[in-house]
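Trainee: Sequence and computational prediction follow.
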Amino acid sequence: MKLFEVHSQTCNRDGFCAAVCPVGIIVFKKGAVPTLVEEAEEVCVRCGHCVAVCPTGSLNHRDVPLEQCPPVHPEWRLSAEQGEHFLRSRRSIRVYKNKPIPRGELTCLIEIARHAPSGHNSQSAQWLVLGDRAELGRLASQVIAWMGWMQVHREDVASSLHLDRTIARWQAGEDVILRGAPVVLVAHAPQDDRMAPSTCTIALAYLELAATSLGLGTCWAGYFHAAATSFPPMLAALALPAGHQCFGAMMVGYPQHRYHRLPTRKTPNITWRMG
């Protein structure tokens, strides 16, 4: 199959596919069926916009097959009020039930997260799923060891983050690192991939929002992430593929408590330049 095929009998020649193509490889002339530029094979980012926008389903892409692209259901779209409520009601969960998460639900979350936008449609995020309690305990201990290192070598940063209090709470038996979460998801990618930091962050944000639909709660594992990017013992314990770096980590589990209010936030600081 060619990279791009158009069913001429059903194509209504509206040029939508050419209008939305982010790299401008689709040629459209009024009244004609769209075609591709010569270098399309090399330039195409396989985003699927052309397949998604065609109202008649007349366009097929070899790497984004039409039959694998389900239709959009307009009736499922959230209203403005529902969208605001959904986003504002999300909470960072730090108290979890002692309940394992089925592998199928974790797979579902990652499947949703892979549809997050990424620079040049690189889709470079890869995932490490940590769900062994003993291993999570060892990794949390490495994070505490990193905090101790920070107190010695980066006293200013350690002081600003009040790491002494965090260490004291850990020593008192409180899991202030992973909060008893049954699973930690690590998003990683090649460290020399310039798209990787934003790709992994956005994918984790998608995953965080999707978790709500499965009755799951999440919290960004900031201390874990910091140790995983700079502390050699932590890097060795994670054992990511050679050349890969952790670009974010997320605790996941079933919330112990239910929230009933939408808290306030700071008034946004906006500078308008509207013309």
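Mentor: Done, it's in. Residues are numbered from 1 along each chain as shown.

Trainee: drop to CA atoms for contacts and neighbour counts, all remaining ones
Mentor: OK.

Trainee: Next one: Pro268 relative to Leu209, how far apart?
Mentor: Applying C-alpha to C-alpha, to the nearest Å, the value for Pro268 to Leu209 is 22 Å.

Trainee: More neighbours: which of those two?
Mentor: For Pro268 and Leu209, the more surrounded residue by other C-alpha atoms under 10 Å is Leu209, and the numbers stand at 20 against 6.

Trainee: Quick check: that one is in a helix.
Mentor: Yes: counting by DSSP: H, G, I helix; E, B strand; the rest coil, Leu209 is found in a helix.

Trainee: Centroid-nearest residue for this protein?
Mentor: Central residue of the chain (C-alpha atoms, centre = their mean): Ala203, 1.1 Å from the mean position.

Trainee: Which residues are in contact with that one?
Mentor: Ala203 makes contacts with Ala113, Arg114, His115, Ala116, Pro117, Ala125, as judged by C-alpha atoms under 8 Å, 6 or more residues apart in numbering.

Trainee: Just the residues you listed: which are in helices?
Mentor: Judged by DSSP state H, helices contain the following of the contacts of Ala203: Ala113.

Trainee: Please indicate which of the contacts of Ala203 are buried?
Mentor: Ala113, Arg114, Ala116, Pro117, Ala125 (16 or more other C-alpha atoms under 10 Å).

Trainee: distance of the first one from Trp220?
Mentor: In this structure, Ala113 and Trp220 are separated by 15 Å, where distance is defined by C-alpha to C-alpha.

Trainee: Cys47 contacts Asn121, correct?
Mentor: Yes: using C-alpha atoms under 8 Å, Cys47 is in contact with Asn121, at 6.1 Å.
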